[in-house]
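> Everything below, folded, please.
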Amino acid sequence: MKIRFGYVSHAVSLWDASPAKTVTFTRYQQLGAEERKDKLLFVTKENLKHTLRMLYYNLGHEIELYRLSSSIVPLATHPDILWDFVTPFRQEWLEIGGLVKKKRLRVSFHPNQFTLFTSPQKKITKNAVVDMEYHYKMLKAMGIEASSLINIHIGGAYGDKEKTIKRFYENLKTLPLDIKKVMTLENDDKTYNAEETLAACERVGVPFVFDYHHHMANPCAAPLEDLLPRMFGTWAGRTFPPKVHISSPKNEKEFRSHADFVSVEFMMPFLKLLQEYGQDIDFMIEAKAKDQALLKLVDDLSKVRGIKRISGGALELK
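Numbering: from 1, shown residues only. Okay, the predicted model is just below:
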């Protein structure tokens, strides 16, 4: 059983490497027409350069899993701008995508919590489609749309979960089919638990990204061992193995908040359960220390009996 580990967006070990440098709309409005264009181009180019730096850093550490920043392009979805961020950087996008394909890296996006399809307001749903189209356009510019994923949560309950989930199914129909094909759903820590999210995944035909920390904060009635085969089933026919998210509570009082690093003690019960199935799996680490948390976790786990480190970012469980 092989487990690969990845981290989110920014390798904190690298100097000045944020792939999410931004331009606020207020600042944008203060600039002249030519300055506005130059500012958007400059910041986007910096973010693309840093994204490439991150990928080379990952390759150097044998990390095969990575979540791309959703903020590579500043003001990309602002209704008053909606600028062409592909044409000026066609070579940069293709260079990133070419490296991903050549090295068989697994990359994904995770839009923010406002990208949801449960709202009774049509404007919110429309904005969610726009945001999903933005993420898909980046994947397409890199030429990796067929092998990458865009992960979202179901959203709020709005006081009536049963009515809201029906609205989710209806609103999701407004999402273009090619984007839906690369979409995944994740259970959250307050509203839609693992069992409910898995049922939604099975109904709409998308893979389920299981978040263990969220599950511990917002458990469901069904035993996890009963859900795992169904979770794995949603990934049938996909290029990569099932994917899960892992993080640790900051403390008992702030249980939902992510700690800087991942506790081996916290995740071991889940790891042992997975071991019973022998299913290869990918872990996305959502800890504050990002790449440093990944390298520490892999090292810590490699000291556990029955776990062997097989690369910088992967383990084998016997």
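> Buried residues of stretch 77-89, list them for me.
Under the neighbour-count criterion of 16 or more other C-beta atoms under 10 Å, stretch 77-89 has 77, 83, 85, 89 buried. Yep, even glycine has a C-beta here, placed from its N, CA and C like the rest.
> Need the CA coordinates for that stretch. CSV is fine.
Taking Å, rounded to 0.1, in the frame of the first residue of the first chain, the C-alpha atoms of stretch 77-89 are listed here in CSV:
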residue,chain,number,x,y,z
THR,A,77,-13.2,36.9,-11.7
HIS,A,78,-14.1,40.5,-10.8
PRO,A,79,-17.2,41.4,-12.8
ASP,A,80,-15.7,44.8,-13.8
ILE,A,81,-12.5,43.4,-15.1
LEU,A,82,-12.6,39.7,-16.4
TRP,A,83,-9.4,40.1,-18.3
ASP,A,84,-7.6,37.7,-20.7
PHE,A,85,-4.9,36.1,-18.5
VAL,A,86,-4.2,33.2,-20.8
THR,A,87,-2.9,34.8,-24.1
PRO,A,88,-0.1,37.0,-22.6
PHE,A,89,1.3,34.0,-20.7
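> quick one: residue 5 and residue 150, what's the gap?
Counting by C-beta to C-beta, to the nearest Å, the separation of residue 5 from residue 150 is 20 Å.
> which among the buried residues of stretch 77-89 gets closest to residue 205?
residue 77 (26.1 Å; C-beta to C-beta).
> Quick one: residues contacting that closest one.
127, 130-131, 134 (C-beta atoms under 8 Å, 6 or more residues apart in numbering).
> In ChimeraX, how would I select the buried members of the residues you listed?
In ChimeraX, this line selects whichever of those come out buried by 16+ other C-beta under 10 Å:
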select :127,131,134
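> okay if I get the contacts of residue 77 as a markdown table plus secondary structure, pLDDT and distance to residue 33?
As requested, the contacts of residue 77 are exported to a markdown table (DSSP: H, G, I helix; E, B strand; the rest coil; pLDDT from 0 to 100; distance: C-beta to C-beta, whole Å):
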| residue | secondary structure | pLDDT | distance to residue 33 |
| --- | --- | --- | --- |
| 127 | helix | 96 | 26 |
| 130 | helix | 96 | 24 |
| 131 | helix | 97 | 26 |
| 134 | helix | 97 | 23 |
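> Pipe the contacts of residue 77 into JSON lines and attach distance to residue 27 per row.
Listed next are these as JSON lines, based on distance: C-beta to C-beta, whole Å:
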{"residue": "127", "distance to residue 27": "22"}
{"residue": "130", "distance to residue 27": "22"}
{"residue": "131", "distance to residue 27": "21"}
{"residue": "134", "distance to residue 27": "20"}
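> which one of the contacts of residue 77 sits closest to residue 156?
Out of the contacts of residue 77, the member with the shortest distance to residue 156 (by C-beta to C-beta) is residue 127, at 14.6 Å.
> In contact with that closest one, which residues?
77, 114-115.
> Likewise for residue 74?
So residue 74 contacts 21-23, 40, 43-44, 47 (C-beta under 8 Å, 6+ apart).
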